[in-house]
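>>> heads up, no residue letters with this:
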């Protein structure tokens, strides 16, 4: 079971579902645009599938549909933002744009966020900076779901991190969790009845397992590259939570499983480097495009037809989606149907 839908159709349905949860037009559209954009990349774990979880938290009042992010403190090249417990997409877009605006004057800027919620795909915020001629980075912490080397239980969140680099074409874009895979991929595989690779999940005994049914209650995600992923997770926890005053590790609320009437207090960190402060943007783009050409032209391994840059596959999927629509997988369709029932918004024909 799958469905093909235009980006505009998907975004419109998401807007109406959010408005049914008492989210204002501006916040609803900002959130829906990013979720539909993420689906157009083919990153279905962090697109419109998330909306049913957000909707339950909105109706439970743990999320404010019309919350307003605000600056708590700031300087020429930094700021601390309170998200007012509103949708993470709204606060994160605001924070990244603030970092971009400050970097226009200061060259580089850091904006930390507290009192936010799950923000979806980190890559959309890194792309936000890259589209404006800046190198952007976006990070966030989350409720513990990832084991540390040697632990029996989760120690850190999957703590996503993304970077975007402006080029003469689509930005170089890497978006990753510090776990071997994002938790959403475990849920999606389990929903589809698919077995897991041996390196995705750590069982309650601290050993790898291909059974995802215990996640997240008794099992944890494996950290990518072992101690390296664990170390990066701690850095993200530091700049997005310790430094901002947001909740840390076990004190972060689960946007999926905890009381929907309670705020989650996620933290975030957004950085922008203004390329034109260091060299003309056109010069930088020429240099980065030369690097891209060099990588593409490198000798290929047997059986390999192409060497990809981070984000190239996603941009190609988006180009296809703009032409023929998005082919939504079955787990996304089921989630959107649950959203329709929860909000009372009629399911469109394509659903």
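In hand now; what should we look at? Computed from a prediction, not measured in an experiment: that's the story for all the values here.

>>> test my guess that residue 245 contacts residue 114.
Yes. Using Cβ atoms under 8 Å, residue 245 is in contact with residue 114, at 4.9 Å. C-beta coordinates here come from the backbone N, C-alpha and C atoms, glycine included.

>>> those two: who's more crowded?
Neighbours per residue, other Cβ atoms under 10 Å: of residue 245 and residue 114, the larger number sits with residue 114, 21 against 16.

>>> before we move on, what SS does that one have?
strand (DSSP: H, G, I helix; E, B strand; the rest coil).

>>> anything in contact with each of residue 245 and residue 114?
With contacts defined as Cβ atoms under 8 Å, 6 or more residues apart in numbering, the residues adjacent to both residue 245 and residue 114 are 80, 267.

>>> ok, then the element right after the helix-or-strand element of the chain with minimal mean pLDDT?
Here the helix or strand of the chain ranked lowest by mean pLDDT, DSSP states H and E is helix 183-191, holding a mean of 84. Later in the chain than helix 183-191, the nearest helix or strand by DSSP states H and E is strand 201-202.

>>> what is the helix or strand that that following strand is followed by packed up against?
The C-terminal neighbour of strand 201-202 among helices and strands, as given by DSSP H and E, is strand 208-209. Helices and strands touching strand 208-209, by 3 or more Cβ pairs under 8 Å, 6 or more residues apart in numbering; DSSP states H and E, are strand 201-202.

>>> and the strand it packs on, which strands flank it?
Take DSSP bridges as the rule and strand 201-202 pairs in its sheet with strand 208-209 (antiparallel), strand 220-221 (antiparallel).

>>> what's the mean pLDDT across that strand?
The average pLDDT within strand 201-202 is 95.

>>> for it, which outside residues touch it?
Residues contacting strand 201-202 (Cβ under 8 Å, 6+ apart): 147, 186, 208-212, 214-215, 219-222.

>>> narrow the residues you listed to just the buried residues.
147, 186, 208, 209, 212, 215, 219, 220, 221, 222 (16 or more other Cβ atoms under 10 Å).

>>> could you measure from residue 82 over to residue 263?
11 Å (Cβ to Cβ, to the nearest Å).

>>> circling back to that earlier point, in the least confident helix or strand of the chain, what counts as buried?
For helix 183-191, burial by neighbour count (16+ other Cβ under 10 Å) applies to 183, 184, 185, 186, 187, 188, 189, 190.

>>> in CSV, list those residues along with distance to residue 93.
Below are these laid out as CSV (distance: Cβ to Cβ, whole Å):
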residue, distance to residue 93
183, 23
184, 21
185, 25
186, 27
187, 25
188, 25
189, 30
190, 31
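
>>> what are the phi and psi angles of residue 257?
Taking degrees, to the nearest 10, you get phi -110, psi -20 for the backbone angles of residue 257.

>>> tell me the phi and psi of the residue nearest to it when sequence neighbours are not counted?
Distances taken as Cβ to Cβ, 6 or more residues apart in numbering place residue 216 nearest to residue 257, at 7.7 Å, with adjacent residues excluded. Dihedral pair for residue 216: phi -100, psi 0, per degrees, to the nearest 10.

>>> neighbours of residue 216, just the number please.
Other residues close to residue 216 by other Cβ under 10 Å number 20.

>>> surely it and residue 154 touch.
Yes. With contact defined as Cβ under 8 Å, residue 216 counts as touching residue 154 (7.1 Å).

>>> overlap in contacts, the two.
With Cβ under 8 Å, 6+ apart, residue 216 and residue 154 have common neighbours residue 145.

>>> quick check, residue 334 in a helix?
Yes. According to three-state DSSP, residue 334 belongs to a helix.

>>> hang on, residue 6 packs against residue 328?
No. Look at residue 6 against residue 328 with Cβ under 8 Å: they stay out of range, at 11.2 Å.

>>> higher neighbour count, the two?
In terms of neighbours (other Cβ under 10 Å), residue 328 is the more surrounded of residue 6 and residue 328; the figures are 23 against 16.

>>> how close does the residue lying closest to the more buried one once chain neighbours are set aside get to residue 337?
Distance criterion Cβ to Cβ, 6+ apart; nearest residue to residue 328, sequence neighbours excluded, is residue 3 at 5.0 Å. Here the criterion is Cβ to Cβ. By it, residue 3 lies 10 Å from residue 337.

>>> which residues do those two both contact?
By Cβ under 8 Å, 6+ apart, residue 3 and residue 337 have these common neighbours: residue 351.

>>> name the residue in the two with the higher neighbour count.
Neighbours were counted for residue 3 and for residue 337 using other Cβ under 10 Å; residue 3 has more, 19 against 13.

>>> ok so, going back, show residues contacting the least confident helix or strand of the chain.
Contacts to helix 183-191, defined as Cβ under 8 Å, 6+ apart, come from residues 44-46, 49, 145, 158, 177, 195-196, 200-201, 212-213, 215-216, 221, 329, 331, 334.

>>> buried among the residues you listed? Need that as a selection in ChimeraX.
Buried subset of those, written as a ChimeraX selection, criterion 16+ other Cβ under 10 Å:
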select :44,45,46,49,145,158,177,196,200,201,212,215,216,221,329,331
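
>>> give the contact list for the residue nearest to residue 257.
145, 154, 183, 257.
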